[in-house]
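A.B. asks: Curious how this folds, go ahead:
(one chain, ligands or ions: 1)
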Amino acid sequence: MLKPIYHSLMEKKQQGKKSFAVLIDPDKVNDNNMEQLIELATESKVDYFLVGGSLVISNYLDECVQLIKQRCSIPVILFPGSPSQVSKYADALLYLSLISGRNPELLIGQHVVSAPIVKQSGLEIMPTGYMVIDGGAPTTVSYISNATPLPSDKNEIAMCTAMAGEMLGMKLIYMDAGSGARRAISESMIQKVASCIDIPLIIGGGITSPEKAYLNCKAGADVIVVGNAIEKDPSLIKEMAEAVHRIPVSV
Ligand code: 1GP
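C.D. replies: Predicted structure coming up:
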């Protein structure tokens, strides 16, 4: 089966190209601000939309994904916080296993329950080793997951976790300090993890400036995800995308 999004991620990784993804929390948007966001994202050459959240309580997921698909050609990747967040209108789904935690429900339990729905969805499924890194304060993901985040200064644990994830067959590693994290993931941790895996590395959580996005890419991130900062100031999209796309030209 053709896996176009993963293929493009691997191709970009091989070429040293970085991607910028805007995270949309369906609880925090409506048709009006989505239109503006889609326009800005298209102009700024955003690579992906990630849609989802640790706690989605509205019914706006399907509509939100459909609106994006009608208005632009930016691929939509689901980033589900629970098995209920599956929309057949998206392009792909991060099939997340919380490998930094020791909560069996999020390592395999919820996957077993949702497997038939996920399989029937027709979405491109991307097995993803999800690592929550301590971001300096409890975030929704750290609370909801009921799992201890990986300490932010334990680069070796992060490296071994990512390596184990890759050897278990994960196709992506997503290191996340959690939405609105006080402290984003350090470049030294990104660099160490990137140096010991061959699969694409997604970094998110608490990235609020284009400089930080740029430094994360320089350290080895392949995809930068920003949600909160763009919710507060959508005009940041352009600068963030430019900072990420500046690599590899200026390294
Ligand atoms: C959270 O990685 C994402 O899961 C994005 O975080 O909202 O802090 O940008 P922010």
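A.B. asks: State the distance from residue 117 to the ligand.
C.D. replies: 22 Å (CB to the nearest ligand atom, to the nearest Å). Just so you know, the C-beta spots here come from the backbone N, C-alpha and C atoms, and that holds for glycine as well.
A.B. asks: That residue belongs to a strand?
C.D. replies: No - if the criterion is DSSP: H, G, I helix; E, B strand; the rest coil, then residue 117 is helix and not within a strand.
A.B. asks: any idea of the pLDDT on the nearest residue to residue 131 once chain neighbours are set aside?
C.D. replies: Sequence neighbours aside, residue 100 is the residue nearest to residue 131 in space, at 4.0 Å (criterion: CB to CB, 6 or more residues apart in numbering). Confidence at residue 100, expressed as pLDDT, is 98.
A.B. asks: Tell me if residue 100 really is in a helix.
C.D. replies: No - counting by three-state DSSP, residue 100 is not part of a helix but coil.
A.B. asks: Hmm, residue 133 and it touching each other?
C.D. replies: Yes - taking CB atoms under 8 Å as the definition, residue 100 is a contact partner of residue 133 at 7.3 Å.
A.B. asks: can you list residues touching both of the two?
C.D. replies: Common contacts of residue 100 and residue 133 (CB atoms under 8 Å, 6 or more residues apart in numbering): 149, 150, 158.
A.B. asks: returning to what we had before: enumerate every residue touching the residue nearest to residue 131.
C.D. replies: Counting by CB under 8 Å, 6+ apart, residue 100 makes contact with 130, 131, 132, 133, 147, 149, 150, 158, 161.
A.B. asks: what would those residues look like in a markdown table with distance to residue 40, pLDDT and neighbour count?
C.D. replies: Shown next, in a markdown table, are the contacts of residue 100 (distance: CB to CB, whole Å; pLDDT from 0 to 100; neighbours: other CB atoms under 10 Å):
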| residue | distance to residue 40 | pLDDT | neighbour count |
| --- | --- | --- | --- |
| 130 | 28 | 98 | 25 |
| 131 | 30 | 98 | 26 |
| 132 | 29 | 97 | 26 |
| 133 | 28 | 98 | 30 |
| 147 | 35 | 92 | 18 |
| 149 | 31 | 97 | 21 |
| 150 | 33 | 98 | 22 |
| 158 | 33 | 98 | 26 |
| 161 | 35 | 98 | 21 |
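A.B. asks: Sitting in strands, which of these do you find?
C.D. replies: 130, 131, 132 (DSSP state E).
A.B. asks: so what pLDDT did residue 126 get?
C.D. replies: pLDDT recorded at residue 126 is 98.
A.B. asks: re the thing from before, need the max-distance pair from the contacts of residue 100.
C.D. replies: Across the contacts of residue 100, the two members that end up farthest from each other (CB to CB) are 147 and 158, 14.8 Å apart.
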